[in-house]
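>>> Give the three-dimensional model of this entry:
(one chain, ligands or ions: 1)
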Amino acid sequence: MNAQQQIITWLTRGTFQRAELERLFVAFGGYGGAALRDDGEIHIYGSIQCACADEMASDHELSQFVEFIRKQRQSTCMDVFDAIEQRRAIKKFDPNHPVSDAQVMELFRLTLLSPTAFNMQNWRLLWLRDPALRQEMAKAFHGKGQAVDAPLLVLILADLAAWKKSPERYWMNAVEEARTRIVRNMDQYYRNHEQRQRDEAMRSGGLAAQTLMLAAKGMGLDSCPMIGFDFDMAAQLIRLPADHCIVMAVAVGKRLEAAPPRGGQLFLKTVVITDRFNE
Ligand SMILES: Cc1cc2nc3c(=O)[nH]c(=O)nc-3n(C[C@H](O)[C@H](O)[C@H](O)COP(=O)(O)O)c2cc1C
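Residues are numbered from 1 along each chain as shown. Here you go, the predicted structure:
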């Protein structure tokens, strides 16, 4: 059994002892996630796509990574209600508080669990990593502080044509009959319906952005969703393919200043319609 097969076996099994965890992360090259379970065992999550990494991490790096996951899960894991209430659009980030690559990978892994219609997974996450590109991108963001200072800036994109790009892969674990049916339905729903394709991009991208922001909050980080930038310039800088679109940007980091009081919340009775509108 090669390393990749071994990892897939582990992933299917789902529960690991510490020694297995360490071997897993050697093979992952550091990508993946883990949670301490009540019974003291470590539960691993990971993306099989990452399983081909063949670089060996040192013992020191591994133990640091294991420690990071432990601490993160133990000390900053936040109740989902608290995360929803405490997430705010933050305008000032601490440029000296980095977000590690392991944290970014964990954020992305969680974001990929967001729901999409037909399980199409049409979101794409563009990690603006290159400092020179970040500087260029700052112009597209008109030098706005949160986009410049945030250690992590992600463009949430969507592939408008995901519905027709080998759609069987979205249901590879389903039985063939179901897979064929869903793929046919997906084709019927989106083919020749450009508005639907774009709606789906925005729906999926919005859900992904919210998952990313809540996951960041859960990890003790803050965020700001943004559309206040030059989409055309950003698209050019990242060489956005013609069949993709930009949904929004999300800046992530540790806040330097708390958000001001909420701008003004609508009343439940304004927002919630029971059954139907009045005649
Ligand atoms: C799609 C979207 C785009 C936004 N764009 C910007 C932006 O460009 N700049 C900004 O400062 N805030 C932006 N915001 C933040 C909103 O102003 C903020 O979410 C709203 O006022 C509610 O505040 P809260 O997020 O702190 O609860 C955006 C929010 C969303 C959801």
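
>>> Going by C-alpha atoms from here, please, whenever you check contacts or count neighbours.
Fine.

>>> burial of the residue in the stretch 51-200 of the chain positioned nearest to the ligand, as a residue count?
Nearest to the ligand, among the residues of the stretch 51-200 of the chain, is Arg88, at 3.4 Å (CA to the nearest ligand atom). Counted with other CA atoms under 10 Å, residues neighbouring Arg88 total 20.

>>> Please verify my assumption that it contacts Pro225.
No: at 9.4 Å, Arg88 does not count as touching Pro225 under the criterion of CA atoms under 8 Å.

>>> OK, contacts around the nearest residue to Pro95 once chain neighbours are set aside?
In space, and not counting its chain neighbours, Pro95 is closest to Asp149: 5.0 Å by CA to CA, 6 or more residues apart in numbering. Residues in contact with Asp149 (CA atoms under 8 Å, 6 or more residues apart in numbering) are Lys92, Phe93, Asp94, Pro95.

>>> So the closest residue to Ala140 other than its chain neighbours versus Met137, what's the distance?
Counting by CA to CA, 6+ apart, the nearest residue to Ala140 once its immediate chain neighbours are dropped is Asp230, at 5.0 Å. Going from Asp230 to Met137 by CA to CA, to the nearest Å gives 9 Å.

>>> Let me see the ranges of the strands in the stretch 151-279 of the chain.
Secondary structure of the stretch 151-279 of the chain (DSSP state E, counting those that start in this stretch): strands located at 152-159, 222-226, 244-253.

>>> so the longest one versus strand 222-226, what angle?
Pointing back at strand 244-253 there. Interaxial angle, strand 244-253 versus strand 222-226 (axes from the mean of the first three to the mean of the last three CA atoms, to 10 degrees): 150 degrees.

>>> Name every strand pairing with strand 244-253 and say which way it goes.
strand 152-159 (antiparallel), strand 222-226 (antiparallel) (DSSP bridges).

>>> pLDDT of it, averaged?
Averaged across strand 244-253, pLDDT comes to 98.

>>> ok so, going back, determine which of the strands paired with strand 244-253 approaches Lys144 most closely.
strand 222-226 (10.3 Å; CA to CA).

>>> So for the closest one, mean pLDDT?
Strand 222-226 shows a mean pLDDT of 98.

>>> What residues does the protein have near the ligand?
Residues of the chain found near the ligand (CA under 6 Å from any ligand atom) are Arg88, Ala89, Pro225, Met226, Ile227, Gly228.

>>> Now do the same contact list for the first one.
This means Arg88. Contacts of Arg88 (CA under 8 Å, 6+ apart): Asp222, Ser223, Cys224, Ala259.

>>> Include neighbour count when you put these into a markdown table, please.
A markdown table is the format used below for these (neighbours: other CA atoms under 10 Å):
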| residue | neighbour count |
| --- | --- |
| Asp222 | 27 |
| Ser223 | 28 |
| Cys224 | 22 |
| Ala259 | 14 |
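
>>> confidence score at the residue nearest to the spatial centre of the chain?
Residue closest to the average C-alpha location in the chain (CA atoms, centre = their mean): Thr111, at 2.7 Å. Listed pLDDT for Thr111 reads 94.

>>> And Leu268, by the same measure?
90.

>>> And for it, the neighbour number?
Counted with other CA under 10 Å, residues neighbouring Leu268 total 8.

>>> What is the subsequent helix or strand relative to the helix or strand hosting Gln103?
Element membership for Gln103, per DSSP states H and E: helix 101-111. Per DSSP H and E, the first helix or strand lying C-terminal to helix 101-111 is strand 123-127.

>>> Please name every helix or strand in contact with the following helix or strand past that following strand.
Sequence-wise, the next helix or strand downstream of strand 123-127 (DSSP H and E) is helix 131-140. Where contact means 3 or more CA pairs under 8 Å, 6 or more residues apart in numbering; DSSP states H and E, helix 131-140 is packed against helix 145-149, helix 231-238.

>>> Excluding chain neighbours, what is closest to Glu200?
Ala117 (7.5 Å).

>>> Okay, and the beta partners of Trp123?
Ala158.

>>> List buried residues within the residues of the chain next to the ligand.
The neighbour count (16 or more other CA atoms under 10 Å) marks Arg88, Ala89, Pro225, Met226 as buried among the residues of the chain next to the ligand.
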